[in-house]
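Undergrad: Predicted structure and sequence below. I'll ask about it afterward.
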Amino acid sequence: MRLFSFLSSMVLCSLLLVAGPSEAAPGEVRVGIAVRPSLELSASSGKLSVLHQGRAVLSEREVSLSLAGGRVSVRGRVLGDSVKVMPPRGGLIVYGGRSYRGHFEVLAGEKGLVLVNVVSLEDYVKGVLKMEVNPSWPMEVLKAQAVVARTYAVANLGRHRKDGFDLCASVHCQEYRGASAEDERLNRAVEATWGEVLTYGGALAKVFYHSDSGGYTSSAKSIWGEDVPYLRGVKEEFYHRVRSPHSSWRLEISAAEVGEALSGAGYDVGLPHSVEVTKRDEWGFRAVRVAVSGSRGRVEMPASRFRQILGYSVLKSTAFEVRGVGSPSGSGEPPSGVSPPSSRPVRGRVNVRELMEAGLSYDEIVEKLYEAYGILQGDLAPPEEPKGERAQRKTPQRGRSFVFEGRGWGHGVGMSQWGARALAEMGKSYRDILGFYFPGTVVGKR
Ligand SMILES: [Zn+2]
């Protein structure tokens, strides 16, 4: 689901082109909520005010806006390139069944009206946390996640500048649902860490997180070749205290299904007869590279890319062993005489240094990492085990299948949420937790 929303938001982002984006004031975030031919906004109580060039032009409980000749039109009155919509005193603005703090700007874009929620950074963090962490978890985990979310937001301000806002409201940036997603405990965690971000050497840290490392986190270097001093693998000596539902798992999947998934991603190896781990991380724990040999050839790729192809929630992590079953030649060499690889070459390595030298921004590099390695910023298990998944997945009946026996959920980079929970239960503070998973970083005020 995350993958899908990521892709659809990429499409959305690439469609947006807006005239005259304005800058956010310090401490504010401009969040792109929607692009529509027309918009309906209402007040939670009282009346909204529509401002054009600083002057109030309308005050109503409900306001309909539309696009007319490339301008914003309110009730048949064509205004300009943008209008502001202010909430009633002490009230909120409601759009699409959700309520939002701050005010809105409506911009006339080429593809429609662009609805931008202008909100304080702290209120923004309150509007994203619920999608990232379980509000009933220990307060120190919630605080750690609040610092991570705020750091990510500040590091990515201006990511959508060309679209007229800073961050979009989908998982492409961080999923944001405004005041509707607020939770009393999460709000307390945000307030207790007001303005705090994670830094390394005075610069904002690159923050990654996942559900459960399985006992060892990954270094950025082992996964995408970039030596980030505070994204190095750490061993969770306390892992026996982690009570995660993902700490060990088993996946049986038919060779045909693996072959289809690979073929769908452009790697045509035919019917796979072996999946082997050709490289592991510095712990010997997580697979770094995987080779698949089949009736039509062999392909080798980053293990995280292999996981992305099978599905993030199908292959829960890359910390696995592979066992072939149901076949007399389950793990043999490719038959001789088979001509080599797939129909499409395996995508090349991402050289982060080269990309930086070429002037790419952090988020552009993260997008490249995603394309090549399937690495998400936050790699989380759904709140509940997806019900249909096991049912939908036909238990392989005939032919060869592979068994993956694995540990943890997610890419393993940065903070493990289940590990953080165990640390909090051991009496550690959010600063201890962040210091453990991002060694050498400092929590500081923005
Ligand atoms: Zn975005």
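TA: Now that the structure is in, tell me what you want to look at. Numbers count the residues shown, from 1 in each chain.
Undergrad: Which strand or helix spans residue 260?
TA: Per DSSP states H and E, residue 260 falls inside helix 255-264.
Undergrad: Helix or strand next in line after that helix, which one?
TA: Once helix 255-264 ends, the next helix or strand along the chain (criterion: DSSP H and E) is strand 272-280.
Undergrad: So which elements touch that following strand?
TA: helix 255-264, strand 287-294, strand 320-325 (3 or more C-beta pairs under 8 Å, 6 or more residues apart in numbering; DSSP states H and E). (Each C-beta comes from the backbone N, C-alpha and C, glycine too.)
Undergrad: Which residue ranges of the protein form helices?
TA: With DSSP state H applied, the chain shows helices at 2-15, 121-126, 139-155, 184-192, 220-224, 255-264, 303-310, 352-357, 362-373, 387-392, 417-425, 430-437, listed in chain order.
Undergrad: okay, those in CSV with distance to residue 100, mean pLDDT and mean neighbour count next?
TA: Output for the helices of the chain, formatted as CSV (distance: least, C-beta to C-beta, whole Å; pLDDT from 0 to 100; neighbours: other C-beta atoms under 10 Å):
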stretch, distance to residue 100, mean pLDDT, mean neighbour count
helix 2-15, 19, 37, 14
helix 121-126, 9, 98, 24
helix 139-155, 16, 97, 25
helix 184-192, 15, 98, 18
helix 220-224, 35, 88, 22
helix 255-264, 38, 95, 18
helix 303-310, 33, 94, 24
helix 352-357, 35, 64, 13
helix 362-373, 24, 67, 18
helix 387-392, 31, 44, 9
helix 417-425, 27, 98, 24
helix 430-437, 27, 98, 22
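Undergrad: quick revisit: report the angle between the helix holding residue 260 and strand 287-294.
TA: Interaxial angle, helix 255-264 versus strand 287-294 (axes from the mean of the first three to the mean of the last three C-alpha atoms, to 10 degrees): 100 degrees.
Undergrad: can I have helix 255-264 written out in PDB, keeping just the CAs?
TA: Extracted in PDB, the C-alpha atoms of helix 255-264 (Å, rounded to 0.1, in the frame of the first residue of the first chain):
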ATOM      1  CA  ALA A 255       8.900 -20.700  -7.800                       C
ATOM      2  CA  ALA A 256       6.300 -19.800 -10.400                       C
ATOM      3  CA  GLU A 257       5.200 -16.800  -8.300                       C
ATOM      4  CA  VAL A 258       8.800 -15.700  -7.800                       C
ATOM      5  CA  GLY A 259       9.300 -16.000 -11.500                       C
ATOM      6  CA  GLU A 260       6.200 -13.900 -12.300                       C
ATOM      7  CA  ALA A 261       7.100 -11.200  -9.900                       C
ATOM      8  CA  LEU A 262      10.600 -10.900 -11.400                       C
ATOM      9  CA  SER A 263       9.300 -11.000 -14.900                       C
ATOM     10  CA  GLY A 264       6.800  -8.200 -14.000                       C
END
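Undergrad: can you give me how far it is from the chain middle?
TA: Here helix 255-264 is found 25 Å from its chain centre; the criterion is C-alpha atoms, centre = their mean, to the nearest Å.
Undergrad: And for stretch 145-158?
TA: Centre-to-centre, stretch 145-158 and its host chain are 12 Å apart (C-alpha atoms, centre = their mean).
Undergrad: Was I right to think residue 238 contacts residue 426?
TA: Yes: contact criterion C-beta atoms under 8 Å: residue 238 and residue 426 qualify, at 6.6 Å.
Undergrad: Can I get stretch 200-211 as CSV, trimmed to CA atoms?
TA: Taking C-alpha atoms only, stretch 200-211 is exported to CSV below (Å, rounded to 0.1, in the frame of the first residue of the first chain):
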residue,chain,number,x,y,z
TYR,A,200,25.2,15.3,13.2
GLY,A,201,28.1,17.6,12.9
GLY,A,202,25.7,20.6,13.0
ALA,A,203,23.7,19.3,10.0
LEU,A,204,20.3,17.6,10.0
ALA,A,205,20.6,13.9,10.2
LYS,A,206,19.1,11.6,7.5
VAL,A,207,16.5,9.7,9.5
PHE,A,208,15.3,6.2,8.5
TYR,A,209,13.2,3.8,10.6
HIS,A,210,11.6,0.4,10.4
SER,A,211,9.4,-1.9,12.4
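Undergrad: which parts of that stretch are buried?
TA: Residues 200, 204-211 are the ones in stretch 200-211 that count as buried (16 or more other C-beta atoms under 10 Å).
Undergrad: What lies in contact with that stretch?
TA: 132, 145, 148, 151-152, 154-155, 197-199, 228-231, 244, 246, 362, 375, 377-381, 408-418, 437-438, 440-442 (C-beta atoms under 8 Å, 6 or more residues apart in numbering).
Undergrad: Nearest approach to the ion belongs to which of the helices of the chain?
TA: helix 2-15 (5.8 Å; C-beta to the ion).
Undergrad: What count of nearby residues applies to the nearest residue to residue 79 once chain neighbours are set aside?
TA: Excluding its sequence neighbours, the residue lying closest to residue 79 (C-beta to C-beta, 6 or more residues apart in numbering) is residue 52, at 4.5 Å. A total of 17 residues lie near residue 52 under the criterion other C-beta atoms under 10 Å.
Undergrad: okay but residue 52 is in contact with residue 81, surely?
TA: No: proximity of residue 52 to residue 81 does not meet the contact threshold set by C-beta under 8 Å, at 10.0 Å.
Undergrad: Tabulate the helices and strands packed on strand 272-280 (JSON lines), appending distance to residue 75.
TA: Formatted as JSON lines, those follow (distance: least, C-beta to C-beta, whole Å):
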{"stretch": "helix 255-264", "distance to residue 75": "49"}
{"stretch": "strand 287-294", "distance to residue 75": "59"}
{"stretch": "strand 320-325", "distance to residue 75": "60"}
